[in-house]
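Peer 1: Fold the following, please.
(chains A and B)
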Amino acid sequence: MASASVAGFRADTIKRRPVAGRRFRSVLGWVFCSVAFALVAVPLVDIILLIFVRGFSALSPQLFTQVTEGVGGGLLNAITGTIVLSIGALIFGVPIGVGTGIYLSEFGNGRFGSVVRFLADVLTGVPSIVLGYFSYVTMVIWLGWQFSVLAASITLAMMILPYMAKMTELVLRQIPISMREAAYALGANDRMVVVRVLLPVAMPGIITAILLSLAISVGETAPLIYTAGWSNYVWNGQLTHQPIGYLTYVIWSFINQPFASAHALAFAAALLVMVTVLAINLGARAVLYGRSR
Amino acid sequence: MSERLADVSPAAVSLPLPRSRQRRATGPFRAVLVALAAVIPLIIVAVLLFLVVYAWPAIKFNGLGFLLTKTWDLGNLYADPVEKRGVLAPIGATYGCLVFVAGTLASSFIALLVAVPVSLGISIFLAEGVLPAFKTPFAIVVEMLAVVPSVVYGLWGIIVLVPIVAHYIAPGLAAVLGFIPFFRAGGGTGFGLLASSLVLALMVIPVITITVYDSMTRIPKEAKEAAYALGTTKFEMVFFTMLPMVRPAIIGAVILGLGRALGETMAVLMVSGGALNYMPTTLMTPISTMASFIVSQLDSAEQDESGLAVQSLAEIAIVLFVITVFVNMVARLLVRRGSGAHG
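Peer 2: Got it, this is the predicted structure:
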């Protein structure tokens, strides 16, 4: 507008309408952007409300004390199963993932390192059902483990492995190079630098990564259908030849049953899964946000 | 004299040292790390190798026609299998994955059609539209969408989204765009292509938004100020300056989202209606995607004594694996190049 008055009367008459049109289009643009945000915020709130309201009304003490019987009973078998499978996934996934992350951060600037880094990204993108089918073919059928804790845990570990590696690498790379130089100058070897100097500093970040991986394994379903099966009984400690129940299976299969008790179990299971996943993720973000300030 | 000087000069001492450090990948500690780092490449190779070996009889039996056949028929499971193309197969067995490929591509494409403009809108809104105090909480809302488990999306889809699609969205689209056959089918049960696409869109949006928003926040202030100096409104600055600058990231993010949508299993399985032997012709047609079909058919495929049905499912898994790995590789290369260009 100011430039128009400087340029004189003719420029003013020519430019006024386009400016109004530009303002209008800009307002329209901002309206679209806020509506776009509302389009995802409303479903998220609705999902959380649905799961929490219906889930809380289905909560009862017997959920935690009884096993599933048909389409009723409790969720003790599924709750313990989810815990066992998640811990199993961490046992296999965390050491390999952290080791890969250390390699990528400390020694991974060569060609092998960039190949691993790239394939970690690719593995993140492989559909979980494909990994599940791979485990079904190799472990469930060829190795004869049948639906089992071991097959399911290893499958989940394959899923969290690239996350652990990427996050460990990220955390280690934030440690100043001078700390490594100081340690090497004191005569430390590679192992001592990593174990005594770098890992203690990186520990909070690695623990965050472990928790986020835990959230991933608690929420996963598709690969477990092919590897864990389903069981109405609490896990008896057998690693193979013994199917195991888990919470996400209850959500998937019981919501399609025409019984109120089945729906109640499905929503209770969904509540437990959502509370775990949201608590871990929000907690991790609170920690990261707090440290970055 | 000059030789001695060269010997002790810092350049001569320090140059070979780091190089020898780099090359020496020996020592038990580093060997262990290399072995651990080799696990990820091994998994990728093993997945492809073992799936191909396992599915080999099916690959031989189905041939190239597998990709172009609409029929999935387990054949007569009660009669003795007969030998055909060197493989024992149930009489009348036909396996084809065209329907599932079509379902996967159609649902992912429509999901992206919805998700891309919405994601760009959210990215702009987060990067430039909201007060700084609200940026983090609003970004967390988007990030939480990415962590909601797939099966919970499916649950929400069955209870909330599918009725809305059946009662409001589908009749609405049919009323407005009913002259196009693709939109004509109003009503129905709600389970089908549209519901699957909408759930997929919701799951893909955070993937695209987080990547684009991230590269938008890295745009230098000078570029924005230069645009303002030319007299743009704030939105024009975003639209004509920031969006073109992050274009490589946008393309990469969209392909990354495509990879996610192609492989999504549980949510789609729960709201897709589960089609067999017919192609999606309207928005309300029930569909099956490759991933959802693999899960839903395991029980019945295991009834096949010859094992050919389960092996054909493995062949679908190979097709899905190859497609998603290809898509992800392209996306990662684009995202990497995009973020590299802007520091």
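
Peer 1: Point me to the residue of the stretch 51-200 of chain A nearest chain B.
Peer 2: Nearest residue of the stretch 51-200 of chain A to chain B (Cβ to the nearest Cβ) works out as A:P127 at 2.7 Å. For glycine as for every other residue, the C-beta is placed from the backbone atoms N, C-alpha and C.

Peer 1: How about that residue: what's its closest non-neighbour residue?
Peer 2: Closest residue to A:P127 apart from its sequence neighbours, by Cβ to Cβ, 6 or more residues apart in numbering or on different chains: B:G263 at 2.7 Å.

Peer 1: which parts of the longest helix anywhere in chain B are buried?
Peer 2: If you go by DSSP state H, chain B has its longest helix at helix B:308-341. Within helix B:308-341, the residues that qualify as buried are B:308-321, B:323-325, B:327-332, B:334-336, B:338-339, counting by 16 or more other Cβ atoms under 10 Å in any protein chain shown.

Peer 1: For the residue of the stretch 51-200 of chain A closest to chain B, grab phi and psi.
Peer 2: phi -60, psi 140 (degrees, to the nearest 10).

Peer 1: thinking again about what came up before, distance between the longest helix of chain B and the chain's centre?
Peer 2: 8 Å (Cα atoms, centre = their mean, to the nearest Å).

Peer 1: residue ranges for the strands of chain B, please.
Peer 2: B:82-84, B:87-89 (DSSP state E).

Peer 1: For chain A, which of those strands is the nearest?
Peer 2: strand B:87-89 (17.4 Å).

Peer 1: Just name the most buried of the strands of chain B.
Peer 2: Comparing the strands of chain B by mean neighbour count (mean count of other Cβ atoms under 10 Å in any protein chain shown), strand B:87-89 comes out on top with a mean of 20.

Peer 1: what mean pLDDT does it have?
Peer 2: Throughout strand B:87-89, pLDDT has a mean value of 72.

Peer 1: Pairing partners for it, with directions?
Peer 2: Strand pairing for strand B:87-89, determined by DSSP bridges: strand B:82-84 (antiparallel).

Peer 1: Quick check: mean pLDDT of the partner strand?
Peer 2: 71.

Peer 1: Same check on stretch B:217-230?
Peer 2: 90.

Peer 1: Now that stretch: buried residues?
Peer 2: Within stretch B:217-230, the residues that count as buried by 16+ other Cβ under 10 Å are B:219, B:224, B:227.

Peer 1: repeat for stretch B:140-159
Peer 2: Neighbour counts over stretch B:140-159 (16+ other Cβ under 10 Å) mark B:141-142, B:144-145, B:147-159 as buried.

Peer 1: before we move on, what about stretch B:189-198?
Peer 2: In stretch B:189-198, counting by 16+ other Cβ under 10 Å, buried: B:190-198.

Peer 1: swap in stretch B:251-263?
Peer 2: By 16+ other Cβ under 10 Å, the buried positions in stretch B:251-263 come out as B:251-263.

Peer 1: Looking at those residues, spot the one nearest chain A.
Peer 2: B:G263 (2.7 Å).
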